[in-house]
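# Take this sequence and fold it.
(2 chains)
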2 protein chains.
Amino acid sequence: MAEIAILGHGVVGSGVVEVLRTHEESIARRAKEPIHVKHILDLREFPGLPYAGIFTKDFEKILCDPAVSIVVEVMGGLDPAFPYVKACLENGKSVVTSNKELVAAKGAGLLALAQKNNLNFLFEASVGGGIPIIRPISQCLAANEVTEIAGILNGTTNFILTKMIREHMAFADALALAQQLGYAERDPSADIEGADACRKICILASLAFGAHVYPEEVYAEGITKITLEDVAYADAWGGVIKLIGGVRALGNGKIHIQVRPMFIRRDSQLANVDDVFNGILVRGDATGDVVFYGKGAGKLPTASAVVADVIDCVKHMKARKYLYWEDAKPGYVEAYDRAPAEFFARVQGQGSSDEAFSTAEKAFGSIKRVIRRGEAAGEAGFTAQGLTEREFAQKAARLEEMGVRVLGHILIADY
Amino acid sequence: MAEIAILGHGVVGSGVVEVLRTHEESIARRAKEPIHVKHILDLREFPGLPYAGIFTKDFEKILCDPAVSIVVEVMGGLDPAFPYVKACLENGKSVVTSNKELVAAKGAGLLALAQKNNLNFLFEASVGGGIPIIRPISQCLAANEVTEIAGILNGTTNFILTKMIREHMAFADALALAQQLGYAERDPSADIEGADACRKICILASLAFGAHVYPEEVYAEGITKITLEDVAYADAWGGVIKLIGGVRALGNGKIHIQVRPMFIRRDSQLANVDDVFNGILVRGDATGDVVFYGKGAGKLPTASAVVADVIDCVKHMKARKYLYWEDAKPGYVEAYDRAPAEFFARVQGQGSSDEAFSTAEKAFGSIKRVIRRGEAAGEAGFTAQGLTEREFAQKAARLEEMGVRVLGHILIADY
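Numbers count the residues shown, from 1 in each chain, chains lettered A, B, ... in the order given. Reported below is the predicted structural model:
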């Protein structure tokens, strides 16, 4: 029998207990031994639960229990999750976590510690909830060089964008609805400002390219500036707006990584990923594009990913799983504004829309017009190819000097 | 160093050598030791190849070489692939195969043999080419009961249907184009009659539900009867026609499994899987729907899946991977025509379309009309809910007696 402890009894933690209890028999068959929850750490009390007797407020009790071989960390945040996880790995206990903040901030160090002590540190649930993605990238694509990853990694923002696209709901209304439905927290900033998606693409980039990428190094823009006008222009252009976390190997040992809203063509496999769903595209030199799609969050999907890691841990108690990356060298992350790309821009002049567009042509050179239904007087939309973010900013400044304001610009994805 | 042998140097076999050579260093790092191809079995000669010296026509040479620990079978077919694979597993060699016919026909026996001899028998490449699907189902979804799997599993037929849907190409023309492009073989029957998709859904069903399903037990209908009229009706109904292999646990220990063209709603994640791509939806009680998408065939995608299995084999030389199913009890596969479903039907009367429809209402009871653009005189389309295939046939016979011919009927999917 494998004895485990769970740190945290919130949504995911209680889900882990539920999955372990409801699938007890099949899990024991798959793990080749029963899995027993010996302790649950939580500061709260849960007197009504059938397993109320195994709660503790004392982490030391778990750390010093030699029977516990695996600790599940589902508290979230860095403090005290980080010191607790570190202590577990220093004291001979493998760790399974769903904590993306922890993995994105401390992954390289914790993986090195796990390797040193011949333990497992697994985190399938940290990205994509119930979608298998960490394991497929690290194992199934082992015979394949990953060249690029792009994902819709945050369900809350995807829900909001879907409402804006399908029902022409304004951003603020869609956010309020997401909060009402429990998809967004009262303080939604980590979702709508892009920080959550940023942590996830950092984890995927670290895994796929072997060197740790810290969220602070990554340009992350959320969806707060996206308007219904942008959505209408995306539609006229032939696509939709999605918040994409993307990373690409540049071939010179560096990577290009960013999180931002992008125009996605309607026939892209990511265009149809709607509502709270996540979709992750992995481009490999041998496999081509492989896409993983499913519920990126939620109690049971996330809990089932955690439990799958626990089963894997139990089965490989003595054999470490291959899951490793190193700390990156300085300069590994290319400045986000240096890579040539295609952009959509929406501008506003004093005269007619035609005039605004022809002024934009003077400032930008060769551009392509996009006309939306219900275009306002003096408003114009266009796409411009082959310039970096920096060059775009320069040309936009020139355009402003010519009396046409740039209301917004959005990157155009090539997947 | 791990020494391997490859049986067959066709498209996949030569791709395996190519992937092993071009990714030599990263593969050695991931497998934790170099992988060396010692023999290749093929009756043909390849004098121009840099590795021409390792070819052999003698299987015994491979079987009796104690240095070879893993044999890759990429010959296809059952004879001699089956006796060769069996001999390998009887003689202490793990086997990796891409041969869906072999796994679908002989999987349970070969898995039992591998287990008995503490060897691995892996076949990630047998379904979905480069899409990771076998491993995610067996591992990542370990803490989850799979309730249903539905997939677009054959790239050739999906290419043909895409041409029919997007370019209104007739079936025969689309097939000819597929042959011209190398997507369909000169004898395309295994693809277009559904046998290939049938083998793949049998493998997925065996894996997900733990008991072997043989292709002979499964109702498989191809796409040869699909017309442009059907495609137009699907469009008017709000979707597309796809060839789907589907399996569902019935809750009474039996499964319902079939391969047939189906109407798929436009907002389904399977509706957008076009051209030669494959898409596989796995429905789990905890994860909800998870979809895997990518190139389902082709030299390098398939070869990279084979090599990923080889790497896994090398890493787990002494620890068997969990991959197992038993032989099924009689009656395990429910008769395909006994499950209630929704159908689309296209009928042809002597009078007007309205008359044909109202006759159909008399024969079928409550039905819903679907009107396509360019509907022929006397032609009518409708959907009928909550009847089994058998009941449909009875009502269709009644309708024919009333002077209205049933030109075709197509199942409507609920995913």
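
# and residue A:390, backbone torsions?
In terms of degrees, to the nearest 10, the main-chain angles of residue A:390 are phi -60, psi -50.

# Touching, it and residue A:336? I think so.
No - between residue A:390 and residue A:336 there is no contact under Cβ atoms under 8 Å: 9.7 Å. Where you see a C-beta, it was placed from the backbone N, CA and C, and this is true even at glycine.

# Looking at the two, which one has more neighbours?
The neighbour comparison of residue A:390 against residue A:336 (other Cβ atoms under 10 Å in any protein chain shown) goes to residue A:336, with 20 against 13.

# For the more buried one, which non-adjacent residue is closest in space?
Leaving aside its chain neighbours, residue A:336 sits nearest to residue A:219 (3.8 Å; criterion: Cβ to Cβ, 6 or more residues apart in numbering or on different chains).

# Please apply the same query to residue A:306.
Using Cβ to Cβ, 6+ apart and skipping the chain neighbours, the partner closest in space to residue A:306 is residue A:125 (4.7 Å).

# again with residue A:333
Nearest one to residue A:333, counting by Cβ to Cβ, 6+ apart, is residue A:217 at 4.5 Å.

# isn't that neighbour right up against residue A:331?
No - the pair residue A:217 / residue A:331 is not scored as a contact, 10.2 Å apart, by Cβ under 8 Å.

# which one of those two has more residues nearby?
With neighbours defined as other Cβ under 10 Å, residue A:217 and residue A:331 compare such that residue A:217 has more, 16 against 9.

# what's the distance between that one and chain B?
Shown here: residue A:217 relative to chain B, a distance of 24 Å by Cβ to the nearest Cβ, to the nearest Å.

# go on, residue A:164?
17 Å.

# so which helix or strand takes in that residue?
If you go by DSSP states H and E, residue A:164 is part of helix A:155-167.

# who are the neighbours of that helix, in terms of helices and strands?
helix A:171-180, helix A:189-192, helix A:228-237, strand A:239-249, strand A:277-284 (3 or more Cβ pairs under 8 Å, 6 or more residues apart in numbering or on different chains; DSSP states H and E).

# Reformat those as CSV; add mean neighbour count.
What follows is the helices and strands packed on helix A:155-167, written out as CSV (neighbours: other Cβ atoms under 10 Å in any protein chain shown):
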stretch, mean neighbour count
helix A:171-180, 17
helix A:189-192, 19
helix A:228-237, 20
strand A:239-249, 24
strand A:277-284, 25
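
# which one of these lies closest to chain B?
strand A:277-284 (7.1 Å; Cβ to the nearest Cβ).

# Give me the contacts around the closest one.
Under the criterion Cβ atoms under 8 Å, 6 or more residues apart in numbering or on different chains, residues A:127-129, A:131, A:133, A:136-137, A:141, A:144-155, A:158, A:204, A:208, A:269-270, A:273, A:289-297, A:415, B:130, B:304 lie in contact with strand A:277-284.

# pLDDT of that strand, averaged?
Averaged across strand A:277-284, pLDDT comes to 96.

# Neighbouring strands - and their directions - for that strand?
Looking at strand A:277-284 with DSSP bridges, its partner strands are strand A:146-152 (antiparallel), strand A:288-295 (antiparallel).

# Pipe these into a markdown table and attach mean neighbour count, mean pLDDT and distance to residue A:63 per row.
Compiled in a markdown table, the strands paired with strand A:277-284 are given as follows (neighbours: other Cβ atoms under 10 Å in any protein chain shown; pLDDT from 0 to 100; distance: least, Cβ to Cβ, whole Å):
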| stretch | mean neighbour count | mean pLDDT | distance to residue A:63 |
| --- | --- | --- | --- |
| strand A:146-152 | 24 | 96 | 35 |
| strand A:288-295 | 24 | 92 | 33 |
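
# In a markdown table: these, plus distance to residue A:348.
Shown next, in a markdown table, are the strands paired with strand A:277-284 (distance: least, Cβ to Cβ, whole Å):
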| stretch | distance to residue A:348 |
| --- | --- |
| strand A:146-152 | 30 |
| strand A:288-295 | 37 |
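
# Checking the residue in chain A sticking out farthest from the centre next. Helix, strand or coil?
The outermost residue of chain A relative to its centre, with distances by Cα atoms, centre = their mean, is residue A:351 at 42.3 Å. Following DSSP: H, G, I helix; E, B strand; the rest coil, we place residue A:351 in the coil state.

# I figured it hits residue A:378, correct?
Yes - shown here, residue A:351 and residue A:378 form a contact pair, counting by Cβ under 8 Å, at 6.2 Å.

# Tell me how far the helix holding residue A:164 lies from the chain's centre.
16 Å (Cα atoms, centre = their mean, to the nearest Å).

# can you check stretch A:283-302 too?
That offset, for stretch A:283-302, works out to 11 Å (Cα atoms, centre = their mean).

# now swap in stretch A:45-53 and tell me
34 Å.

# pLDDT of that stretch, averaged?
Here the average pLDDT along stretch A:45-53 is 93.

# bridging residues for the residue nearest to residue A:336?
residue A:258.

# so what's residue A:326 up against?
Residue A:326 touches A:108, A:112, A:210, A:211, A:212, counting by Cβ under 8 Å, 6+ apart.

# Looking at those, which one is closest to residue B:234?
Of all these, residue B:234 sits closest to residue A:210, with 45.9 Å by Cβ to Cβ.

# hang on, that closest one packs against residue A:325?
Yes - between residue A:210 and residue A:325 there is a contact under Cβ under 8 Å: 5.0 Å.

# ok, the two, which is more surrounded?
When neighbours are counted by other Cβ under 10 Å, residue A:325 comes out ahead of the other of residue A:210 and residue A:325, with 20 against 13.

# wait, what's in contact with residue A:51?
Contacts of residue A:51 (Cβ under 8 Å, 6+ apart): A:17, A:37, A:40.

# what's the pLDDT at the second one?
Spelled out, it's residue A:37. Reported pLDDT for residue A:37: 98.

# What of the last one?
Residue A:40 is assigned a pLDDT of 98 by the prediction.

# where's it relative to residue A:46, distance?
8 Å (Cβ to Cβ, to the nearest Å).

# Same check on the first one?
In this structure, residue A:17 lies at 10 Å from residue A:46, with Cβ to Cβ as the measure.

# ok, the two, which is more surrounded?
residue A:17 (20 against 13).

# intersection of neighbour lists for residue A:17 and residue A:46?
residue A:9.

# start to end distance for stretch A:351-370?
End-to-end span of stretch A:351-370 (Cα to Cα, to the nearest Å): 18 Å.

# If we go by neighbour counts, what in it is buried?
Buried residues in stretch A:351-370, defined by neighbour count with 16 or more other Cβ atoms under 10 Å in any protein chain shown: A:353, A:356, A:357, A:359, A:360, A:361, A:363, A:364, A:367, A:370.

# Read off the pLDDT value for residue A:318.
Predicted confidence (pLDDT) for residue A:318: 65.

# about what we covered before: nearest to residue B:386, out of the buried residues of stretch A:351-370: which one, please.
Nearest to residue B:386 among the buried residues of stretch A:351-370, with distances taken as Cβ to Cβ, is residue A:370, at 46.6 Å.

# tell me the contacts of that closest one?
A:233, A:236, A:237, A:344, A:381, A:382, A:383.

# mind running it again at 6 Å?
A:233, A:236, A:237, A:381 (Cβ atoms under 6 Å, 6 or more residues apart in numbering or on different chains).

# Show the pLDDT at the spatially closest residue to it that is not a sequence neighbour.
Of all residues not flanking residue A:370 in the chain, residue A:381 sits nearest, at 4.2 Å (Cβ to Cβ, 6+ apart). Model confidence at residue A:381, given as pLDDT, is 98.

# Likewise for residue A:165?
With respect to pLDDT, residue A:165 scores 96.
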